[in-house]
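1. Task: produce atomic coordinates for the following.
(one chain, ligands or ions: 1)
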Amino acid sequence: MNYVPPDNDLGHGGRVVTKEVMSQRNLWLFVSFIILPVALVIGGMYMSKLFRQLNSSQLQAAITSQGESQASSVLSTVSSVPAVPQAEPTSTSAPAAMSGVTNKPAISTAEAASVANIQKPLVVTIKSKDNLKKLFKRNGLNEKDALAILAIKKASSLKNLHAGKKISLTLDATKTKLQVLEYKLDDLTTLVVTARKSGWSVDTKHIKPTTKTKYAAATITGSIYTAGKRAGVPQKLVAQMVNAFSNRVNVKKIHDGDKFALLYNEYTLDGKKVRDSDIAVAELVHKGETHRIVSFTDSYGHTNFYTPQGHSIKPAFERYPVAFNHIGSRFSHARHHPILGTVRAHTGVDLSADRGAPIKATGNGKIVFAGTSGGYGNVVRIKHGIYETVYAHLSRFSNKVYTGGYVKQGDVIGYVGSSGLATGPHLHYELRVNGVPHDPLKVKLPSGQMIASEHRNRFFALSKKVLSQLDSYRKGIVKSES
Ligand SMILES: [Zn+2]
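-> Numbering: from 1, shown residues only. Next comes the predicted model:
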C-alpha cells in the first residue's frame, strides 16, 4: 500500500473545493483520461514486444537446456524419453521460418516451431545377426555414420548387438540424419551417441539406483539352501555364503539347528529390483561355533572375504596339490614299506595320479630344495613360514622351479612320476609344522593371509561397522528395508 492515488480526495464530500484544488483536479482528469490511456497503449505495445522477445528467448533457452539435459541426464528407458533433437537446428531455423508472420502471437509460433522440429525417436528392435551398419541402412540412415560410430572406442558395445534388444534413433527433420542414438547396456546404463558439429560424441549414462540394506537370517532345517530360500535370500548369495564358509567348516556337515545371518544391498529402480550386491557380512553358527566373514574391496579394486581378524578366507594352503585318482598310502607313524620291506613311519600321503599330471604349490613360499634326493627321487621342498611342504617322485620339474626361487599358491612346480622309491606314478606329499610331519589330509590348515598392512585401518573400520550393523539387525533394533 505504498501507492496513493493522486485523486484520492476526489470523492471526499463536504470538502470545500478551492480554485487551486479545481485546477489540480483538472490536471488529474487530464492525466487520467488522456495521458494514462495513451501511455498504457504505448507501454502495452512496448511490453508486448518485450514479452514476445522474452518468450521466444525463454523457449529457445528451454529447448537448449532440454537438448543438453537429454545428453547429460540419466535415461531410465530408451523408448519413453521424448526425443529432442539438438538445440542448434531448432533454434536457428524457427525464427527464420516464421519471420514473415508478424500478426500472430509470438508464443504460438515459437511453440509450433519447436514442436515441428521434435522428432519422435525411432525405437528399433535388433534382429539376429544384426549389426549397426545393417540397422542404419534398414532405417534410411547413412552406413558411413554407423562405421564412424563403431570406430569410436567408447562405442565398442555397439559392435555386438544383442538380438531382441532395442536401439532408439532420434533423426533430424529430414529423417535421414541421425541426431541421437541410445542403447541400453543394462537396467542402469545407457550408451548415448550424439551428433555434434565436430563429429560423434559417445557417453555412458548411469542411473543411480535406490539402495536398500537387506538382512536375512534363518535357523537351518534341512539344507542351508532350503533354509536360505525360505528366508528369501537370493540363491546367488546362498551359494556365495556356502562357498565363503567352505574353507572354515565342512559344508556337508551343516545340520539342523545351525544358523546363519547376513546383510547385503538390494538395488531398485522405480520400485523394481535391479540386482543384489554380494554379501557384505555373513555369520554362520555351526556346532555352536560362530564363524563370520566380511567383504572388503581394497584400493586396487580387489574384493575378497576376510575374517573379522583380517585374514583372507582363502586358506594359506590348499588341501591337495594334485588332481588325484585315489589315495595310495595314508599318513602313518608305522607302516610296512612296500619296497624296503621294513616297518617305518610314512610321513606323508601318497596321492595316485596320472603320470604327467601337474603338481601345484599348495601355498606361497620359497623353494628351499628342488633336485634329486635318495628315495624321494625328484623332489621339491617349499618353506612357508613355520610350514614346509614336500612334493616327491616327480617325473620332471617345471622350468620355473629352482632352489632359492619363490612360488605362489597354485603355481605348477612339476609333474607326477615315479622317480626314487616308487612302485607307480604318484605324488608323495608331506606337510610339516615347525619341522614335525603332520597328516596333510587332516591337519587344520592355517587361515588365509592377513590383509596387507596398507589396507588394515580401512578394513578394521569397515569390519567393526558392518559387524555391529549385523548385530543390530539380529537383535531386531534395526529392520530390513522393504
Ligand atoms: Zn609316500
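
2. residues touching the residue in the stretch 351-482 of the chain that the ion sits nearest to, list them.
-> Residue nearest to the ion within the stretch 351-482 of the chain: residue 428 (3.4 Å; Cβ to the ion). All C-beta spots, glycine's among them, are computed from the backbone N, C-alpha and C. Residues near residue 428 by Cβ atoms under 8 Å, 6 or more residues apart in numbering: 348, 349, 350, 376, 390, 391, 392, 393, 422.

3. quick one: which of those has the most company?
-> Most neighbours among the contacts of residue 428, by other Cβ atoms under 10 Å: residue 391, with 29 neighbours.

4. Secondary structure class of that residue, three-state.
-> The local conformation at residue 391, judged by DSSP: H, G, I helix; E, B strand; the rest coil, is strand.

5. got a pLDDT number for it?
-> On pLDDT, residue 391 comes in at 97.

6. Near the residue nearest to it when sequence neighbours are not counted, how many residues? Count them for me, please.
-> Distances taken as Cβ to Cβ, 6 or more residues apart in numbering place residue 380 nearest to residue 391, at 4.6 Å, with adjacent residues excluded. By the criterion of other Cβ under 10 Å, residue 380 has 26 neighbours.

7. okay, the host helix or strand of residue 380 in CSV with CA atoms only?
-> Assigning secondary structure by DSSP states H and E places residue 380 in strand 378-384. What follows is strand 378-384, C-alpha atoms only, in CSV (Å, rounded to 0.1, in the frame of the first residue of the first chain):
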residue,chain,number,x,y,z
ASN,A,378,62.9,-85.7,-7.9
VAL,A,379,61.6,-83.6,-5.0
VAL,A,380,60.6,-80.0,-4.3
ARG,A,381,60.6,-78.6,-0.8
ILE,A,382,58.9,-75.3,-0.2
LYS,A,383,59.1,-73.3,3.0
HIS,A,384,56.1,-71.2,4.0
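
8. can you point me to the longest strand in this structure?
-> strand 272-286 (DSSP state E).

9. From the contact counts, what lies against that strand?
-> Where contact means 3 or more Cβ pairs under 8 Å, 6 or more residues apart in numbering; DSSP states H and E, strand 272-286 is packed against helix 235-245, strand 259-269, strand 289-297, helix 453-474.

10. got the residues of the protein near the ion?
-> 350, 428 (Cβ under 5 Å from the ion).

11. and the chain, what are its domains?
-> The chain breaks down by automatic domain parsing into domains covering 59-206, 210-315, 326-438.

12. of all the contacts of residue 428, which comes closest to residue 411?
-> Distance ranking of these against residue 411, using Cβ to Cβ, places residue 391 first at 11.8 Å.

13. where does the stretch 351-482 of the chain have low pLDDT?
-> In the predicted model, the stretch 351-482 of the chain carries no residue with pLDDT under 70.

14. quick one, strands of it?
-> Ranges of strands within the stretch 351-482 of the chain are 358-360, 365-372, 378-384, 387-397, 406-407, 412-416, 426-433, 436-438, based on DSSP state E, counting those that start in this stretch.

15. Nearest to the middle of this protein, which residue? Look it up for me.
-> Compute the mean C-alpha point of the chain, and by Cα atoms, centre = their mean the closest residue is residue 277, 8.6 Å away.

16. isn't that residue right next to residue 267, touching?
-> Yes: when contacts are counted by Cβ atoms under 8 Å, residue 277 is listed as touching residue 267 (7.1 Å).

17. Which helix or which strand is home to the residue in the stretch 201-350 of the chain that the ion sits nearest to?
-> Proximity of the stretch 201-350 of the chain to the ion (Cβ to the ion) peaks at residue 350, 4.1 Å away. Using DSSP H and E, residue 350 sits in strand 349-352.

18. Paired strands for that strand, with orientation please.
-> If you go by DSSP bridges, strand 349-352 pairs up with strand 326-327 (antiparallel), strand 426-433 (antiparallel).

19. most tightly surrounded among the ones you listed?
-> Mean neighbour count (mean count of other Cβ atoms under 10 Å) peaks for strand 426-433 among the strands paired with strand 349-352, with a mean of 23.

20. Wasn't residue 176 part of a strand?
-> No: using three-state DSSP, the secondary structure at residue 176 is coil, not a strand.

21. Just give the closest residue to it, not the sequence neighbours.
-> residue 140 (5.9 Å).

22. and if you look at residue 195?
-> Using Cβ to Cβ, 6+ apart and skipping the chain neighbours, the partner closest in space to residue 195 is residue 179 (5.2 Å).

23. For the helix or strand that neighbour falls within, give the mean pLDDT please.
-> With secondary structure defined by DSSP H and E, residue 179 is part of strand 178-186. For strand 178-186, the mean per-residue pLDDT is 93.

24. and it, what does it pack onto?
-> Strand 178-186 packs on strand 166-171, strand 189-196, going by 3+ Cβ pairs under 8 Å, 6+ apart.

25. Would you tell me which of those gets closest to residue 437?
-> Going by Cβ to Cβ, the one of the helices and strands packed on strand 178-186 nearest residue 437 is strand 189-196, 55.1 Å.

26. helices and strands around that closest one, which ones?
-> Packing partners of strand 189-196 (3+ Cβ pairs under 8 Å, 6+ apart): strand 178-186, strand 199-206.

27. Those strands: which one's closest to residue 364?
-> The minimum distance between residue 364 and the helices and strands packed on strand 189-196 falls on strand 178-186, with 37.1 Å, by Cβ to Cβ.

28. how far out from the middle of the chain is that closest one?
-> 20 Å (Cα atoms, centre = their mean, to the nearest Å).

29. returning to what we had before: so which residues make contact with the strand holding residue 380?
-> 316-317, 361, 363-373, 388-397, 401, 407, 413-414, 417, 419-420.

30. Ok, stretch 269-280 next?
-> Contacts of stretch 269-280 (Cβ under 8 Å, 6+ apart): 76, 187-188, 207, 209-210, 214, 234, 236-237, 240-241, 244, 262-268, 293-295, 303, 305, 466.

31. switch the cut-off to 7 Å
-> With contact meaning Cβ atoms under 7 Å, 6 or more residues apart in numbering, stretch 269-280 is reached by 187-188, 207, 209, 234, 236-237, 240-241, 262-268, 295, 466.

32. Of those, which count as buried by neighbour count?
-> For the contacts of stretch 269-280, a neighbour count by 16 or more other Cβ atoms under 10 Å gives the buried set as 187-188, 207, 209, 234, 237, 240-241, 262-267, 295, 466.

33. burial measure for the closest residue to residue 310 other than its chain neighbours, as a count.
-> In space, residue 310 comes closest to residue 451 once its chain neighbours are excluded; the distance is 4.4 Å by Cβ to Cβ, 6+ apart. By other Cβ under 10 Å, the residues close to residue 451 number 21.

34. Assess the claim that residue 451 and residue 459 are in contact.
-> Yes: checked against Cβ atoms under 7 Å, the pair residue 451 and residue 459 is within contact range at 5.2 Å.
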